[in-house]
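1. mind looking at a prediction? Sequence and model below.
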Amino acid sequence: MTCANPARLTGPWRRLCLTLTATMAVVALAGCEDKNAYVAPPPPKVDIATPIQRPVTRYVEATGNTAPIKSVDLVARVQGFLQTIDYTDGTFVKQGTQLFTIEPETYKLKLEQAQAAEAGAQASLRQAEADFKRQADLVQRQAVSQATLETSTSTRDNAQANLQQAQANTRIAELNYSYTKVSAPFDGVVSAHLVSVGELVGASSPTQLATIVAMDPIWVNFTVNEQDVLRIRAEAQRRGLTVAELRQLPVQVGLQTETGYPHEGHLDYVSPTLNTSTGTLAVRGVIPNDKRVLLPGYFVRVRVPFDQDKDALLVPDTALGSDQGGRYLLVANKDNVVEQRKVQIGPTDNGLRVIESGLQPDDRVVISGLLRVIPGQKIDPQETKIEQPQASAK
């Protein structure tokens, strides 16, 4: 008897073959289920590293704008026709360089006239002095009356007054003559001229001829919020710094297109009061600008170093997570189980984030694979080191 083809069997034999076939099928299915039993996956492999510990300088960072320390409108102080323009628009000139000439001949003649009047007044004074001495001698010898001496004295005093007036007139004429030549009051760049040769200037009021702007050094104006002001004052008090020493703090500046802060100067001015509407303190720095890279009116990035942490802890920004409770790090404990640590973050330093609190120097921080792990999960830690990015340009 065979159960290969139960359809050919009849009666009890057919039922027996069907029962045996069903039993073998159940046994076969049971064997398959044993082979497909669930096996827990291995712990995920993630990179962990201890935080970098090194000194970090703390900065107050702000956005400011540059301004010239000197900017003067060049005006015509005397009336006349503009005779010459002696510079090229937009060029750098040294102090004393002649820039404009205003019809000098009239004022030269007035100066000569005043000098002649002064010479006449000096001659009159010499004559009056000589006459006074003669009369004084005659009075002593009782050759003339006292009234004659008093007349001579009055004549001498009037001559002295006339000479002083003539000298003042000469000085005024000299000043007016000097005003016909407009010179640079300091080293700077002169703007385009605003008048043309042959144009009457200074007729009813001073006429603006151009503007000269000093470029080296240059001011940087910025504001510091009240919280930073309190931090700086507390640090200054801790270190025993005076107001004069605070004003010597370095100021580092970078343009929007520059890397880092390549321009450095020092604090020049701190406002004595806060702006109550904005809650900020006005601050100014002065920056050397011999190459004239900084132009007045630029928006710049500004930072002022005010403190140094000798043992700051730093981790990559990519290791940080955030939720409604704030920022956190994932840390592997001694059993390689992930824990969530709430942390307070500080500024970035050369590409790494300063951790103010919530982290210990020997903590093993998950620095990659954050999306593959959750707090309370066991991991397969891969020990590595945090790479220190190259320092940015100063």
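-> That came in fine, so what should we check first?

2. any chance you could map the strands in the stretch 101-250 of the chain?
-> 181-183, 188-190, 200-201, 207-213, 218-225, 250-255 (DSSP state E, counting those that start in this stretch).

3. helices of this structure, start to end?
-> Per DSSP state H, the chain carries helices over the ranges 12-35, 105-140, 146-178, 226-239, 243-246.

4. how about the ones you listed, which one is nearest residue 376?
-> Nearest to residue 376 among these is helix 12-35; the distance by Cβ to Cβ comes to 31.2 Å. Heads up, the C-betas are built off the backbone N, CA and C, glycines and all.

5. avg pLDDT for that closest one?
-> Helix 12-35 carries an average pLDDT of 58.

6. where does the prediction get shaky in this structure?
-> Applying pLDDT under 70 to the chain flags residues 1-38, 139, 144, 149, 389-394.

7. any idea how far the residue nearest to the spatial centre of it lies from residue 291?
-> Most central in the chain under Cα atoms, centre = their mean is residue 302, positioned 3.4 Å from the mean C-alpha point. Separation of residue 302 from residue 291 (Cβ to Cβ, to the nearest Å): 19 Å.

8. cool, and residue 304?
-> 23 Å.

9. which of the two has more neighbours?
-> residue 304 (22 against 9; other Cβ atoms under 10 Å).

10. could you double-check that that one sits in contact with residue 251?
-> Yes. With contact defined as Cβ atoms under 8 Å, residue 304 reaches residue 251; the gap is 5.6 Å.

11. what sits in contact with each of the two?
-> Residues touching both residue 304 and residue 251 by Cβ atoms under 8 Å, 6 or more residues apart in numbering: 267, 285.

12. how many neighbours does the nearest residue to residue 218 once chain neighbours are set aside have?
-> Nearest non-adjacent residue to residue 218, counting by Cβ to Cβ, 6 or more residues apart in numbering: residue 289, 4.5 Å away. Residues near residue 289, counting by other Cβ under 10 Å, number 22.

13. would you turn the strands of the stretch 101-250 of the chain into JSON lines with distance to residue 108 and mean neighbour count?
-> Below are those laid out as JSON lines (distance: least, Cβ to Cβ, whole Å; neighbours: other Cβ atoms under 10 Å):
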{"stretch": "strand 181-183", "distance to residue 108": "11", "mean neighbour count": "18"}
{"stretch": "strand 188-190", "distance to residue 108": "26", "mean neighbour count": "21"}
{"stretch": "strand 200-201", "distance to residue 108": "18", "mean neighbour count": "18"}
{"stretch": "strand 207-213", "distance to residue 108": "20", "mean neighbour count": "19"}
{"stretch": "strand 218-225", "distance to residue 108": "40", "mean neighbour count": "21"}
{"stretch": "strand 250-255", "distance to residue 108": "49", "mean neighbour count": "20"}
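
14. dump those strands into CSV; add distance to residue 118 as well.
-> Listed next are those as CSV, based on distance: least, Cβ to Cβ, whole Å:
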stretch, distance to residue 118
strand 181-183, 23
strand 188-190, 36
strand 200-201, 29
strand 207-213, 31
strand 218-225, 46
strand 250-255, 54
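
15. and those strands: which comes nearest residue 49?
-> strand 250-255 (30.5 Å).

16. partners of that closest one, with directions?
-> Strand 250-255 has its sheet partners listed here by DSSP bridges as strand 263-275 (antiparallel), strand 299-316 (antiparallel).

17. got the contact list for stretch 269-280?
-> Contacts of stretch 269-280 (Cβ under 8 Å, 6+ apart): 223-226, 229, 243, 246-247, 281-284.
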